[in-house]
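Visitor: okay, sequence plus prediction incoming.
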Amino acid sequence: ARATAQMSIFAFSDIVRYQASKATVRAAEADRAATNDDVSTQVARAYLAAQRADASLAAADADVALAETLLKEAEDEKNAGSGTGIEVTRARVQLLNQKQLQLVARNDRHRSHLQLLRAMNVALDVPVELEAPLGYQEAAKPEFEAQRQTALEHRSDYKAQLHREETARLSSSSVTFERLPSVVGFADYGTIGSSLNHTFPTRTYGLEVKVPIFDGGRRDERRVETQSQLRTAAATTKDLRQQIELDIRLAMDSLDSAGQQVKVAEEALGLAESELAQARRRYAAGVSNSIEVTDAQTRLTRARDNQIAALFAYNLARVDLAQATGTIRQFVQ
C-alpha cells in the first residue's frame with residue numbers, strides 16, 4: 001500500500017487567480033448594493049406618487065367645496081330676482097364635473113397607496129398616512145463636477161463594473177503568468193516486501209520546479225480570450241462613466257427647470273385666486289354673468305393642477321439626481 005500527495009507551493013498564476021476571485025466577490029457585493037439603491041429609488045418614486053395623489057385629492061375637495069359655494073350663490077341670486085335659471089344650471093353642471101374629478105382623484109390616491117405598500121413589501125391592507133404633503137424645498141444649484149465626483153465614489157453599479165474590469169485584468173494576467181516556473185511539493189510513502197510479515201517502509205519527498213514548455217497552443221487561446229474579455233469590460237466601464245455623466249446632467253436640467261416651473265405655478269395660482277375673487281364680486285354686483293365666474297373657476301382648477309405637477313416634477317428630479325450620484329439611500333433617510 002502506498003500514499004502519494006502533491007501540492008502546488010508557489011505559482012504566480014495561482015496567486016493572480018486568487019486575487020481575481022476576490023475581485024469577483026467584491027463585484028457581487030457591489031451588485032447587491034446597487035440592487036438596494038434600485039429598491040430605494042422605487043420606494044422614493046412611489047412615495048412621491050402618493051404625495052401627488054394626496055395633493056390632487058385635496059385640490060379636488062377644494063374645487064368641490066368652491067363649486068358648492070358658487071352654486072349656493074347662483075341660487076341666492078335667482079331667488080333674489082337678479083339671477084337666471086341658466087346660471088344655476090351652469091353652476092350645477094360645474095359642481096358635477098368637479099365631483100367626477102374628485103372620484104377619479106380618490107381612486108388614484110387609493111391606487112398610489114397600494115403601489116407604495118407593494119414597493120415597500122408591506123401588507124396591502126395596512127393603512128397609509130404620509131408624514132408630509134408634497135412641498136418645495138429650494139436648494140443651492142448643484143455643481144456638475146462635484147456631483148460627478150460624488151457619483152464615481154458612491155455609485156454601486158459603477159463600483160461593481162470596476163471590480164468586474166479588475167477581475168478580467170487579473171484573469172488575463174494569470175494566463176500570462178502560466179508561462180513562468182512554479183514550485184510543487186511532493187511526497188510518497190508506503191511499504192515494500194515479499195510478504196505481509198516481511199515488509200519495511202519507504203518514503204520519498206521533496207520539491208520540484210516545473211517549467212512550462214509546450215501545451216499545444218491552449219494557453220495562447222486562453223490569453224486571447226481573456227484579453228478580449230478585458231477589452232469588453234473596459235469598454236463597458238467607459239460607457240457607464242459616460243452614462244453617469246448624462247444622468248447627472250439630465251437630472252440637474254430637470255431640477256432647474258422644475259424649480260422655475262414651481263415658482264411660475266405659484267404665481268399663476270395666486271393670480272387665478274385673485275381673478276375668481278374679482279369675478280365673484282362683479283357677479284354679486286350685477287355687472288357680469290356667471291360665465292365669467294365659471295371661467296375663473298376653471299382656470300383656478302387648472303392652476304392648482306399645474307402647481308401639483310410642478311411640485312411633483314421638482315421632487316422627482318431630486319430623486320433622479322440622488323440616484324444618478326449614488327446617494328439615493330441617504331436621500332430617502
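Guide: Yep, it's here. Numbers count the residues shown, from 1 in each chain.
Visitor: contacts and neighbour counts: CA atoms only from here.
Guide: Noted.
Visitor: for the helix or strand containing residue 269, which helices and strands make contact with it?
Guide: Per DSSP states H and E, residue 269 falls inside helix 218-285. Contacts defined by 3 or more CA pairs under 8 Å, 6 or more residues apart in numbering; DSSP states H and E place helix 218-285 against helix 144-154, helix 156-177, helix 290-324.
Visitor: got JSON lines for those, with mean neighbour count too?
Guide: Supplementary listing: the helices and strands packed on helix 218-285 in JSON lines, determined by neighbours: other CA atoms under 10 Å:
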{"stretch": "helix 144-154", "mean neighbour count": "16"}
{"stretch": "helix 156-177", "mean neighbour count": "22"}
{"stretch": "helix 290-324", "mean neighbour count": "21"}
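Visitor: now these as a markdown table including mean pLDDT and distance to residue 114?
Guide: Output for the helices and strands packed on helix 218-285, formatted as a markdown table (pLDDT from 0 to 100; distance: least, CA to CA, whole Å):
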| stretch | mean pLDDT | distance to residue 114 |
| --- | --- | --- |
| helix 144-154 | 93 | 31 |
| helix 156-177 | 90 | 29 |
| helix 290-324 | 93 | 19 |
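Visitor: tabulate those (JSON lines), appending distance to residue 71.
Guide: Below are the helices and strands packed on helix 218-285 laid out as JSON lines (distance: least, CA to CA, whole Å):
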{"stretch": "helix 144-154", "distance to residue 71": "53"}
{"stretch": "helix 156-177", "distance to residue 71": "58"}
{"stretch": "helix 290-324", "distance to residue 71": "10"}
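Visitor: so which of the ones you listed is nearest residue 209?
Guide: Ranking these by their distance to residue 209 (criterion: CA to CA) puts helix 156-177 first, at 14.8 Å.
Visitor: neighbouring contacts of the closest one?
Guide: Outside helix 156-177, the residues that touch it by CA atoms under 8 Å, 6 or more residues apart in numbering are 12-17, 19-21, 23-24, 26-31, 33-34, 37, 152-153, 219, 222-223, 226-227, 229-230, 233-234, 236-237, 240-241, 326.
Visitor: could I have the PyMOL command that selects the buried members from these?
Guide: To isolate the buried subset of the contacts of helix 156-177 in PyMOL, counting by 16 or more other CA atoms under 10 Å, use the following:
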select buried, resi 12+13+14+16+17+19+20+23+24+26+27+28+29+30+31+33+34+37+152+223+226+227+229+230+233+234+236+237+241+326
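Visitor: where does the stretch 1-150 of the chain have low pLDDT?
Guide: Along the stretch 1-150 of the chain, the model assigns pLDDT under 70 to no residue.
Visitor: do a quick rundown of the strands in it.
Guide: 2-10 (DSSP state E, counting those that start in this stretch).
Visitor: can you pull up the most central residue in the protein?
Guide: In the chain, the residue lying closest to the centroid (CA atoms, centre = their mean) is residue 41, at 3.3 Å.
Visitor: quick one: contacts for it?
Guide: Shown in contact with residue 41 (CA under 8 Å, 6+ apart): 319, 323, 328.
Visitor: ditto for residue 8
Guide: Here residue 8 is in contact with 182, 183, 184, 185 (CA under 8 Å, 6+ apart).
Visitor: by neighbour count, which of the residues you listed wins?
Guide: The most neighbours of any of those, using other CA atoms under 10 Å, belong to residue 182, which has 19 neighbours.
Visitor: that one reaches residue 14, doesn't it?
Guide: No - with contact defined as CA atoms under 8 Å, residue 182 does not count as touching residue 14 (9.6 Å).
Visitor: number of residues surrounding residue 65?
Guide: 15.
Visitor: can you check the one 5 residues further on too?
Guide: Neighbour count for residue 70, taken as other CA under 10 Å: 22.
Visitor: spit out the contact partners of the nearest residue to it once chain neighbours are set aside.
Guide: Once flanking residues are discounted, residue 70 sits nearest to residue 91: 6.7 Å by CA to CA, 6 or more residues apart in numbering. Neighbouring residues of residue 91 by CA under 8 Å, 6+ apart: 67, 70, 71, 74, 294.
Visitor: can you do 10 Å?
Guide: Applying CA atoms under 10 Å, 6 or more residues apart in numbering to residue 91 gives the contacts 67-75, 85, 97, 290-291, 293-294.
Visitor: so which of these belong to helices?
Guide: With helices taken from DSSP state H, the overlap with the contacts of residue 91 comprises 67-75, 85, 97, 290-291, 293-294.
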